[in-house]
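J.: Using only what follows, build the 3D model:
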Amino acid sequence: QVQLQESGPGLVKPSQTLSLICTVSGGSITTSYFYWTWIRQPPGKGLEWMGHISYEGSNYYSPSLKSRTSIFRDTSKNQFSLQLRSVTPEDTAVYYCARKGVGTLFDAWGQGTLVTVSS
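T.: Residues are numbered from 1 along each chain as shown. Have a look, this model is predicted:
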């Protein structure tokens with residue numbers, strides 16, 4: 001059973017870069033045909049899909065966040081990571097990493113980590 005765990009700072013200052021890592025166990029991030037995804041939920045709002053990196057290493061980002069977002073992977077550590085640049089308080093949210101298969105729903109989630117953007 002695949003498990004995901006987010007890690008990273010809980011507090012980021014405005015204009016800085018938010019960086020999170022998702023560590024995956026119980027399955028490889030290079031296994032076909034899965035998409036390793038970052039999703040966030042601001043306080044009192046719905047879930048927002050941010051982007052993913054595929055089992056092949058290709059990326060796709062939300063158009064609204066594309067200019068500020070990068071998703072990388074480290075296959076040797078079975079991890080994928082999120083960088084969100086030039087953050088503002090509006091980027092305060094619970095950030096989740098998740099796995100999605102082709103044609104399926106998200107079938108594995110991390111527990112989520114709250115990141116607050118504040119000076």
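J.: Might you report the residue contacts of the most centrally placed residue in the chain?
T.: Closest residue to the average C-alpha location of the chain: residue 38 at 2.6 Å, with C-alpha atoms, centre = their mean. Shown in contact with residue 38 (C-beta atoms under 8 Å, 6 or more residues apart in numbering): 20, 22, 50-52, 71, 82, 95-98. Glycine gets a C-beta too; all of them are placed from N, C-alpha and C.
J.: could I get those as CSV with neighbour count?
T.: Listed next are those as CSV, based on neighbours: other C-beta atoms under 10 Å:
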residue, neighbour count
20, 21
22, 27
50, 23
51, 20
52, 22
71, 22
82, 24
95, 23
96, 22
97, 30
98, 21
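J.: Please identify which of the residues you listed is nearest to residue 109.
T.: residue 98 (4.7 Å; C-beta to C-beta).
J.: Please, which helix or strand holds that closest one?
T.: strand 93-101 (DSSP states H and E).
J.: What pairs with that strand, parallel or antiparallel?
T.: Strand pairing for strand 93-101, determined by DSSP bridges: strand 34-41 (antiparallel), strand 106-109 (antiparallel), strand 113-117 (antiparallel).
J.: average pLDDT across the last one?
T.: Along strand 113-117, the predicted confidence averages to a pLDDT of 98.
J.: What is the distance between it and the centre of its chain?
T.: 13 Å (C-alpha atoms, centre = their mean, to the nearest Å).
J.: Could you list the alpha-carbon positions for it in PDB?
T.: Extracted as PDB, the C-alpha positions of strand 113-117 are listed here (Å, rounded to 0.1, in the frame of the first residue of the first chain):
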ATOM      1  CA  THR A 113       0.800  20.100   6.000                       C
ATOM      2  CA  LEU A 114      -0.200  23.700   6.900                       C
ATOM      3  CA  VAL A 115       2.000  26.400   5.500                       C
ATOM      4  CA  THR A 116       1.400  29.900   6.700                       C
ATOM      5  CA  VAL A 117       2.700  32.900   4.800                       C
END
